[in-house]
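1. Need a 3D model of the following:
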Amino acid sequence: MNTHDAPEGHEEHTPLPLPVNSPDRRDGQVYVMTAELRMAVKVALATGRPLLLRGEPGSGKSSLAAYVAREHDWRYYEYVVTSRSKAEDLLWTYDHVRRLSDAQVRDPGTVLNDADYVTPGPLWWAYNPATAADGRKGRRKRKDPWARINKDRAPDHAVVLIDEIDKADPDLPNSLLVPLGSHQFTVTDTGERVRRQKGAERGGRKGHTAAGQHLIIITTNEERELPQAFLRRCVVMELPEPDRERLVDIAAEHFRHEHGGTEGFDQELAEALARELLDARKEARATDVRPPSTAEFLDALRACTSLGIGVTHDDWWLIRSLTLLKPQQPEA
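-> You can find the predicted model right below:
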């Protein structure tokens with residue numbers, strides 16, 4: 001309804017703001033890295049070990065992988081773990097139902113090719129995109145599920161995000177020990193051996209060994225304890241909560257990408273919201289509920305900026321309760 005057509009007795013409101021394009025960025029364009037986190041990435045690459053990121057939800061763990069891939073111009077893949085996930089989902093999946101159906105309707109003498117029913121997972125595409133896409137020996141040519149992003153990126157290097165691994169059964173991280181450590185595995189349904197594609201030694205960046213040509217970033221929200229054997233084989237870093245100064249830096253960087261520059265960025269508003277976030281975290285912990293995250297701080301900033309709400313506005317405290325101190329159950 002147009003604001004000029006408001007029914008009698010109802011106040012007119014300003015038009016609704018346009019929605020933000022992708023508030024949870026997964027394109028790798030925005031990330032404010034600390035020196036410690038950048039060193040952790042370098043260590044993971046130098047050792048060829050996965051980088052396990054710990055931290056509260058909304059702290060930026062999942063966004064790092066796409067940023068590193070974009071920064072280095074490497075291919076990018078991701079897999080979000082669920083309680084039903086199996087290690088094979090990261091390596092390959094086999095369509096038993098489709099094969100059974102084809103076997104029932106095939107012409108006499110027709111031989112089914114098991115490779116036609118295999119779909120490579122993100123680690124296969126990362127380790128060896130050539131065999132993942134292989135269409136030889138009668139196979140159907142497979143398409144990189146992230147082809148739009150990866151078509152012009154370095155074929156010998158890749159970043160893989162394994163998100164929220166703590167949601168899976170402990171068997172999943174244990175089953176990934178060999179594929180993550182040796183960069184190879186066998187597709188049991190076909191007997192095909194998948195190995196890391198050679199060639200990274202040519203043109204690889206200084207300090208990136210062949211073993212570290214693929215960066216595997218794994219995140220956990222600590223909902224379930226991970227096996228010790230798995231932890232021993234990871235470079236582990238906990239993302240600390242950003243202080244007020246870092247929160248403002250993060251806000252400015254996101255504003256720059258969302259608005260095409262820093263013109264119009266309200267430093268005073270960002271600092272006030274940063275203080276509110278830190279206070280809200282203290283309140284949340286005092287009452288045994290989940291503290292608000294950096295992502296929620298950015299939501300509060302976007303709302304205030306879009307709606308023209310400053311620290312002296314009547315709705316300032318409403319923004320705080322809607323974005324920072326949300327009603328929730330006490331933590332277990």
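2. okay, CA-based contacts and neighbour counts for the rest of this
-> Noted.
3. my guess is Gly109 is in a strand, correct?
-> No: counting by DSSP: H, G, I helix; E, B strand; the rest coil, Gly109 is not part of a strand but coil.
4. residues near it, how many?
-> 6 (other Cα atoms under 10 Å).
5. Look up the pLDDT of Ala6 for me, please.
-> pLDDT for Ala6: 41.
6. So which bits of stretch 103-122 are buried?
-> 115-122 (16 or more other Cα atoms under 10 Å).
7. would you turn those residues into a markdown table with pLDDT and distance to Asp102?
-> Formatted as a markdown table, the buried residues of stretch 103-122 follow (pLDDT from 0 to 100; distance: Cα to Cα, whole Å):
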| residue | pLDDT | distance to Asp102 |
| --- | --- | --- |
| Ala115 | 81 | 13 |
| Asp116 | 83 | 11 |
| Tyr117 | 84 | 10 |
| Val118 | 88 | 14 |
| Thr119 | 91 | 17 |
| Pro120 | 94 | 20 |
| Gly121 | 95 | 23 |
| Pro122 | 96 | 26 |
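8. same for the helix or strand harbouring Leu37, what does it pack against?
-> Secondary structure assignment for Leu37, by DSSP states H and E: helix 35-47. Here helix 35-47 touches strand 51-54, strand 214-220, strand 235-238, going by 3 or more Cα pairs under 8 Å, 6 or more residues apart in numbering; DSSP states H and E.
9. Go through it and flag the buried ones.
-> Buried-residue list, helix 35-47, by 16+ other Cα under 10 Å: 37, 40-47.
10. ok, which stretches of this protein are helices?
-> In the chain, the helices defined using DSSP state H lie at 35-47, 63-72, 87-91, 96-105, 122-127, 129-132, 147-150, 171-175, 177-182, 228-232, 244-259, 267-286, 294-307, 316-323.
11. could those go into CSV alongside distance to Gly55?
-> Compiled in CSV, the helices of the chain are given as follows (distance: least, Cα to Cα, whole Å):
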stretch, distance to Gly55
helix 35-47, 13
helix 63-72, 13
helix 87-91, 23
helix 96-105, 38
helix 122-127, 24
helix 129-132, 31
helix 147-150, 27
helix 171-175, 18
helix 177-182, 22
helix 228-232, 15
helix 244-259, 16
helix 267-286, 15
helix 294-307, 11
helix 316-323, 20
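12. if you compare the helices and strands packed on helix 35-47, which one is most tucked away?
-> Of all the helices and strands packed on helix 35-47, strand 214-220 carries the top mean neighbour count, a mean of 26, counting by mean count of other Cα atoms under 10 Å.
13. now for it, which elements pack on it?
-> Checking 3+ Cα pairs under 8 Å, 6+ apart, strand 214-220 ends up next to helix 35-47, strand 51-54, strand 154-163.
14. quick one: Ser83 and Lys151, what's the gap?
-> For Ser83, the distance to Lys151 equals 32 Å [Cα to Cα, to the nearest Å].
15. Same question for Leu273.
-> Distance from Leu273 to Lys151, by Cα to Cα: 40 Å.
16. Just want to know which of these two has more residues nearby.
-> Leu273 (25 against 11).
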